[in-house]
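Visitor: kindly return the folded structure for what I paste below:
(one chain, ligands or ions: 1)
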Amino acid sequence: MILQRLMAAIREQNWFAVVLELLIVILGIVIGFQVTAWNEDRTARANETQIIERLHSEIIGLGNSRWDWAADRLETRANLLALSHVLYGDGREDVATEISAAGCVAIAQSHVFNSPSLALPVITELESTGDLDLITNRAVRQAITNYLMANAWARELDTAINHEVFNLTADYPTLFHFVPPTEGLDWNPIFDGSVRCDSAAMRTDQAFLNALADNISKSLYFMTGVLDAPNASFTALHAIVDAELGLTHDDGAE
Ligand SMILES: [Zn+2]
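Guide: Numbers count the residues shown, from 1 in each chain. Predicted structure coming up:
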């Protein structure tokens, strides 16, 4: 139709009509492209919102096991530090000569360096399909990058820490014994307080003391690198996702 009118205008040498018809054609094409771009943009923004909402539900769904475990590891390290004066003979007279029950449990589990995962399936999916750029919000993108980097470094560090494990109750069996509970089927000897330590023998066993020192050093890197740094990146990501979605958690939940 437009083509017929255009040809007729050219035949009649009506240049005003020719220009007008060409403008109509060009305008139609431009509007067509613009409408397509608007639709694509609207769809992309809807997809991005869906992804961020899913991200939030997965953050919430992670539960408290990770935070409980971090608190437990912090307590174990504090107990190891508290018993160091008892075992390493620095001559302090204000320090007891016997290891406390909590200290003995801390020694027995001093080689345990693992943690509940902070993995978020939606981020793993976007990474594997190369679709992380579906998230255009710069603050969320930056928080995801920080989260990924902190977790990658934590994995490397955890692998290095666990490369050589000093399980002290297994490696130095004469320094420990276990007292099983009189009842109950859930005996958990390393963790439940049924381990007993021979404090005097431990103080004179240099190989044991050196292996324990190794575990105490590892516990520092485990706390800071494997637990604290990824936890901080996770909490920061949650705060930014909350801000993006306009959510608050008045009950103090993570
Ligand atoms: Zn939230």
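Visitor: residue 196 should be in a helix, yeah?
Guide: No. Using DSSP: H, G, I helix; E, B strand; the rest coil, the secondary structure at residue 196 is strand, not a helix.
Visitor: how about the residues of the stretch 101-250 of the chain near the ion?
Guide: Proximity of the stretch 101-250 of the chain to the ion (Cβ under 5 Å from the ion) is limited to residues 242, 247. Quick note: C-beta positions are derived from backbone N, CA and C, even for glycine.
Visitor: check residue 9 and give its pLDDT.
Guide: We have a pLDDT of 80 for residue 9.
Visitor: that one looks like it's in a strand, true?
Guide: No. Using three-state DSSP, the assignment for residue 9 is helix, not a strand.
Visitor: reduced to three states, what does the nearest residue to it once chain neighbours are set aside come out as?
Guide: Spatial nearest neighbour of residue 9, chain neighbours left out: residue 17 (3.7 Å); criterion: Cβ to Cβ, 6 or more residues apart in numbering. Recorded secondary structure, residue 17: helix (three-state DSSP).
Visitor: check which helix or strand the most centrally placed residue in the chain maps to.
Guide: The centroid of the chain falls nearest to residue 118 when counting by Cα atoms, centre = their mean (3.8 Å). Element membership for residue 118, per DSSP states H and E: none, as it lies in no helix or strand.
Visitor: wait, it sits on residue 61?
Guide: No. In terms of Cβ atoms under 8 Å, residue 118 does not count as a neighbour of residue 61; the distance is 12.0 Å.
Visitor: ok, now which ones touch the residue nearest to the centre of the chain?
Guide: 62, 66, 147, 151, 230-231, 234 (Cβ atoms under 8 Å, 6 or more residues apart in numbering).
Visitor: same deal with residue 205?
Guide: By Cβ under 8 Å, 6+ apart, the neighbours of residue 205 are 172, 175.
Visitor: distance of it relative to residue 114?
Guide: 27 Å (Cβ to Cβ, to the nearest Å).
Visitor: ok, now residue 43?
Guide: From residue 43 across to residue 114, the span is 42 Å (Cβ to Cβ).
Visitor: gap between the residue of the stretch 1-150 of the chain found nearest the ion and residue 242?
Guide: Closest residue of the stretch 1-150 of the chain to the ion, Cβ to the ion: residue 56 (5.5 Å). From residue 56 across to residue 242, the span is 7 Å (Cβ to Cβ).
Visitor: of the two, who's got more company?
Guide: Neighbour tally, residue 56 and residue 242, criterion other Cβ atoms under 10 Å: the higher count belongs to residue 56, 19 against 14.
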